[in-house]
Each structure stands twice: as structure tokens, then as C-alpha cells.
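# Could you look at this predicted model? Sequence included:
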Amino acid sequence: MQKSTTTLQKVQGFTAKKIGAVNVSKSVFLGIALTVLGYNNTSAQLTATGQIRERTEIKAGQGTLQKKGEKAALFNSQRTRLNLGFTGYRFKIYTSIQDVRVWGQDASSINRTTTEANNGILVHEAWAEVSLIDTISTIQNLSLKMGRQEISYDDQKVLGGLDWLQQGRRHDAIVLKYANKGWIADFGAAFNQNKELAVGTVYTGTNPAYGAGTNAIGTMYKSFQYAYVDKKFFFGDISFLFFKDDFNKYTTVTSGTPAVTSKVYGEGVWSRNTTGIYFNTNPTRKINLTGSFYHQGGHDKDGRSLSANLASISSTVQLGRKLFVGPGIDYLSGDDGTKTVTATSENNRFDPLYGTPHKFWGGMDYFYAANGFGKQGLLNYFFKMKYNAKDNLTLLLDIHGFEAANTLSNGTGGKLNSYLGTEVDMVVKYNLTKMINLEAGYMFMKATNSMASVAVKNVANADLSPDFAYISLNIKPNFLAKK
């Protein structure tokens, strides 16, 4: 009996030791797992990415027509970005520092006695977003985003990041963001000043640190306020936008010999209102339709009363597994070229605000980009093709027919042909890896005499067969990604 008891005690002791060892092992494993998970969670809070985008361009009339006999321009530009983000409890912060410059524009050695005029380093984005709800809230998101940020909605026709431009586009703004059950609602505002002032709030709108609008207006807004609401449905989504941008009032003063006219800015603003809707729908699995309509009212940057419209519709049809095609049309209203424009006449020229014109109105950037093209508006008939040759190889072909939306004057009381030209854009995109992309494009146009006329581009003895080519290497590393 004693032997049995002793044996039982040994077995119990062995079992207890084994169980203890197992518990210790579990504790060690749990500790390691928690450490790893804690590391992963900490890593997940911090993001560090970058971008090097090299682009070589050959311009022979891109942006505007050049004269016959002029040589093509060749240059290489570079965008360098470092992006850092951090997510904490009920807040996010993000910064994007970028340097944009053309190769060779800076001296290869620094002369400390001079100031570098071509300094391209700036803060592209720097914002903080604070959640206004706790994690247990049933609302998906309610937050306040403050600071320098990109503002982009829908297809970016009127508000977009303009990524094609090496320096991109951003705004210093505050945005209240709401999202829940398929609804998105953003309410934003901005207020600009040239510098810190002791008196008044006068803003000239010519601060070189800010980009102007898409329509070569050359004047930055003093302030804006907007509301954006989007509702997602099973067949797509529909959105509404109201955007009001304000421009500082001024008067013109002429003085001196010879006479020089200048602007004198005072208090008050002229306000421009843009209101519209956008839709994106799939009536069938292989057909997509997008469209928009916007109306502009109020006053333009020079105080003229404004009444203008934009209407657009485009389609995409999938043919097989790899080919996507679709026609579309854009209409942007303009002024009647046969009527004299005065300070009191109504402005009917639609301005596509702060969008991405390169995406819609041709890669040659003749319309609504940095260079003006007249005031008669635009009709853009287009047909687009996309072919996914491989998972990492895409071929794009866009064909545009451009026409003035209103009457063109020849300057002597007569009218010009409203057709401006036909443009063909061809682009090849190849992903070498997930982080390395190669892209090459070739665009050419057959322009008309109307395009070169005083009413549009105003180029005498113009070459009516301009073209443009580029090749780009885009590397976007994720510095914290696992190998």
C-alpha cells in the first residue's frame, strides 16, 4: 500500500512538473507572441514611403503651338518625395516633403554668396487628422483634417491632385469628414494670406508658393468653402458638390510716363460658386457610365458676373478579358467670340477649378492647363482604348476631336471654322516590380488654322503638326515593407 502511494506521488509529481513546464512554455510563447504582435502593431502605426520619378520630355509644340522652324525642347525633370505617416489613438499625421527640379538648373557647386533661385524643395503635404468619435462608436468615421493636403473627388475633373504635374497640387485647408453606411460627407474651408500681417486681410493671390487654377487664371483664391456629399449604391454612386472660391477685390490705377496700369487690392472679395453632380454606374457587368454637370455663378476673379456650365458623359465597354473601349464627350461653355468683352459683360467661360486637365483634355495640354487657349469654351469628342496585354503591361490609346463651343471671330467681323484639331495619345505602362514602373508616351496633333488664330493660341506662322514624347521611370519604395 505504501509502495502504491509512493508510486502515485511520483506520478503526480511528474505530471505536475510536466504541466508546469507546459504552462511555462505557453507563457514564454505567449510572451513572444505578444512581443511580436506589439512590434507589428507599432510598425503598422508608422508608414515611411518615398518616390523618385524621372521624366524625359521632348516638346515640339506641347502646351501651345510653336512657330515653323523652331527646334524641339529636350529636358529631364525629377520629382523626389519622402512621405512619413503615423497613426495613434484617435489621430493621424502625415507629411510629404518633395523636391522638384530640372536636371542642370542648379549649379553643381554652391556659391555661398548667392541665393539659389531654383530651390524646388517644399512641403507638399503636412496634415493632422483627429477622430471626433471613440472606437466604440457605430459611426464609421467623423474626423477633422487640418493642414496642407491634396483635395480630390470623383474623377478629378474639377478637384484633383494633378499628379501628372511634377509638383502636383495641394491646398492649405481644414476638412470635416463624415462616413457611414455608404454615405460620405466632407465640409472644407481655406483662408490664404501672402504673409503674417499686422493690419487687414488683403491678399494679392500671386504668392509663388501656390499654384493657380487649371484655367491659366494666374490668381490664387483668397479663401474657399465647400461641401461634398456622396452616396454609394449597388449599381454605383452619385455625388453632389458645392464649391465657393473667393478672390480679393482690386481696382486698377494708371500712372507714370509712359502710363503703367497696376492693381491696387482692397478689402472684400468676389465669390465664384460651382455647383454640380457626378455619377458613376454599371448598368451591366461589362459596361460603365460616368457623367457630370456643373454650373458656375457669382463673379470671376475680376468681378465680372459669371454664368457657365460643364457637361460630360463617358462610357467604358469591356470586350473580352483584356480590351476596354468607350466614347465620350465633354462640353465646357465659353464666350461668344463676335461680342466685345467689357468689365460689365457676363462671363460665360467655365473654369474647371483645381482639377486634372491632363487626364481629360489631351496629353498635349492645349486646354485648361498652364497656357490659355482663348475664351470660346470647348467641345471634346473622344474615344479611348485600354488593352491589358499582361498583368504588368498596359497599352492606352486616346483619340480626341476638339472644337470651340462658341463662335470664333477672325478679328475683322467674320467667323472662323470652329474645329480646332485632332489629337492622338499613345501610352505604354510597364510594371517591372510592384514598386518600379516604366511609362512612355507619344502624342501628336493635326491642328487647324483656327487653333493658331488670335482667338485661340495666337501664334503666327505656326507649325500645325505639333507632337510630344516622354519616357518616365517611377520608383515608389516602402521603407518598412518586409522583404
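That came through, no problem.

# Just the residues contacting stretch 304-311, thanks.
157-158, 272, 276, 291-300, 330-334, 343-352 (C-beta atoms under 8 Å, 6 or more residues apart in numbering). (Glycine included, C-beta is placed from N, CA and C.)

# Show me the longest strand that occurs in this protein.
Longest strand in the chain by number of residues (criterion: DSSP state E): strand 260-284.

# Show me what whatever helix or strand comes next after that strand is packed up against.
Downstream of strand 260-284, the next assigned helix or strand under DSSP states H and E is strand 287-298. Here strand 287-298 touches strand 260-284, strand 308-319, going by 3 or more C-beta pairs under 8 Å, 6 or more residues apart in numbering; DSSP states H and E.

# Name the residues that touch strand 287-298?
Strand 287-298 is touched from outside by 154-155, 157-158, 241, 244, 270-283, 305-318, 326, 350-351, with contacts defined as C-beta under 8 Å, 6+ apart.

# go on, stretch 78-90?
With C-beta under 8 Å, 6+ apart, stretch 78-90 has contacts from 44-55, 92-103, 124-125, 130-131, 134-135, 166-167.

# Now, these that are in strands?
Those of the contacts of stretch 78-90 lying in strands (DSSP E): 46-55, 92-102, 124-125, 130-131.

# hey, least reliable of the helices and strands packed on strand 287-298 by pLDDT?
Among the helices and strands packed on strand 287-298, strand 260-284 has the lowest mean pLDDT, at a mean of 94.

# mind listing what's buried in that one?
Neighbour-count burial for strand 260-284 flags 265, 269, 270, 271, 272, 274, 276, 278, 279, 280 (criterion: 16 or more other C-beta atoms under 10 Å).

# Likewise for stretch 157-167?
157, 158, 159, 160, 161, 162, 163, 165, 166, 167.

# For residue 69, grab the count of nearby residues.
By the criterion of other C-beta atoms under 10 Å, residue 69 has 7 neighbours.

# Just the element for the residue nearest the centre of the chain, please.
For the chain, the residue nearest the mean C-alpha position is residue 161 (1.5 Å; C-alpha atoms, centre = their mean). Using DSSP H and E, residue 161 sits in no helix or strand.

# Show the contacting residues for the nearest residue to it once chain neighbours are set aside.
Spatial nearest neighbour of residue 161, chain neighbours left out: residue 150 (4.3 Å); criterion: C-beta to C-beta, 6 or more residues apart in numbering. By C-beta under 8 Å, 6+ apart, the contact set of residue 150 is 125, 161, 168, 169, 170, 171.

# and if you look at residue 174?
Contacts of residue 174 by C-beta under 8 Å, 6+ apart are 144, 145, 146, 188, 189, 190.

# give me the beta-bridge partners of it?
residue 146, residue 189 (DSSP bridges).

# same question, residue 253
Under the criterion used (DSSP bridges), residue 253 bridges to residue 262.

# My read is that it contacts residue 260, right?
No: applying C-beta atoms under 8 Å as the test, residue 253 and residue 260 come out as separate, 9.1 Å apart.

# mind giving me JSON lines with the buried residues of strand 260-284 and columns for distance to residue 428?
Formatted as JSON lines, the buried residues of strand 260-284 follow (distance: C-beta to C-beta, whole Å):
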{"residue": "265", "distance to residue 428": "48"}
{"residue": "269", "distance to residue 428": "46"}
{"residue": "270", "distance to residue 428": "45"}
{"residue": "271", "distance to residue 428": "44"}
{"residue": "272", "distance to residue 428": "39"}
{"residue": "274", "distance to residue 428": "36"}
{"residue": "276", "distance to residue 428": "34"}
{"residue": "278", "distance to residue 428": "30"}
{"residue": "279", "distance to residue 428": "31"}
{"residue": "280", "distance to residue 428": "27"}
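
# Report the beta-bridge partner residues of the nearest residue to residue 429 once chain neighbours are set aside.
For residue 429, ignoring the flanking residues on the chain, the nearest one in space by C-beta to C-beta, 6+ apart is residue 394 at 4.5 Å. Residue 394 has these beta-bridge partners by DSSP bridges: residue 388, residue 429.

# Then residue 84?
So, taking DSSP bridges as the rule, residue 84 has residue 48, residue 95 as bridge partners.

# per-residue confidence for it?
You'll see residue 84 listed with a pLDDT of 97.

# likewise the one 10 residues further on?
According to the per-residue confidence, residue 94 scores 98 in pLDDT.

# what number of residues lie near the nearest residue in space to it that is not next to it in sequence?
In this structure, residue 94 finds its nearest non-sequential neighbour in residue 85, 4.3 Å apart by C-beta to C-beta, 6+ apart. When neighbours are counted by other C-beta under 10 Å, residue 85 registers 16.

# Relative to residue 129, how far out is residue 85?
Using C-beta to C-beta, to the nearest Å, residue 85 is found at 10 Å from residue 129.

# Then residue 222?
Residue 222 is 25 Å from residue 129, by C-beta to C-beta.

# What are the buried residues along the host helix or strand of residue 382?
Assigned by DSSP H and E, residue 382 belongs to strand 378-390. Residues 378, 379, 380, 382, 384, 386 are the ones in strand 378-390 that count as buried (16+ other C-beta under 10 Å).

# Stretch 126-133 too?
126, 127, 129, 131.

# is it true that residue 159 touches residue 169?
No: at 9.3 Å, residue 159 does not count as touching residue 169 under the criterion of C-beta under 8 Å.

# Please name the residues that touch the residue nearest to residue 323 when sequence neighbours are not counted.
Residue nearest to residue 323 in three dimensions, not counting chain neighbours: residue 387, with 5.3 Å by C-beta to C-beta, 6+ apart. If a contact means C-beta under 8 Å, 6+ apart, then residue 387 has 322, 323, 324, 394, 395, 396 as its contacts.

# how about 6 Å then?
Applying C-beta atoms under 6 Å, 6 or more residues apart in numbering, we find residue 387 in contact with 322, 323, 395.

# I'd assumed residue 388 was in contact with the first one.
Okay, so that is residue 322. Yes: counting by C-beta atoms under 6 Å, residue 322 does reach residue 388; the two are 4.6 Å apart.

# show me where pLDDT drops low in the stretch 51-200 of the chain?
Where the stretch 51-200 of the chain drops to pLDDT under 70, the residues are 108-119.

# wait, residue 445 sits on residue 466?
Yes: using C-beta under 6 Å, residue 445 is in contact with residue 466, at 5.4 Å.

# A helix includes residue 358, no?
Yes: assessed by DSSP: H, G, I helix; E, B strand; the rest coil, residue 358 belongs to a helix.

# Chain neighbours aside, what residue packs nearest to it?
residue 164 is the one closest to residue 358 (C-beta to C-beta, 6+ apart), at 4.2 Å.

# Repeat that for residue 169.
residue 162 (4.1 Å).

# list the contacts for that neighbour?
Contacts of residue 162 were listed using C-beta under 6 Å, 6+ apart, and they are 168, 169, 356.

# In terms of distance to residue 231, which of these ranks first?
Distance ranking of the contacts of residue 162 against residue 231, using C-beta to C-beta, places residue 356 first at 23.4 Å.
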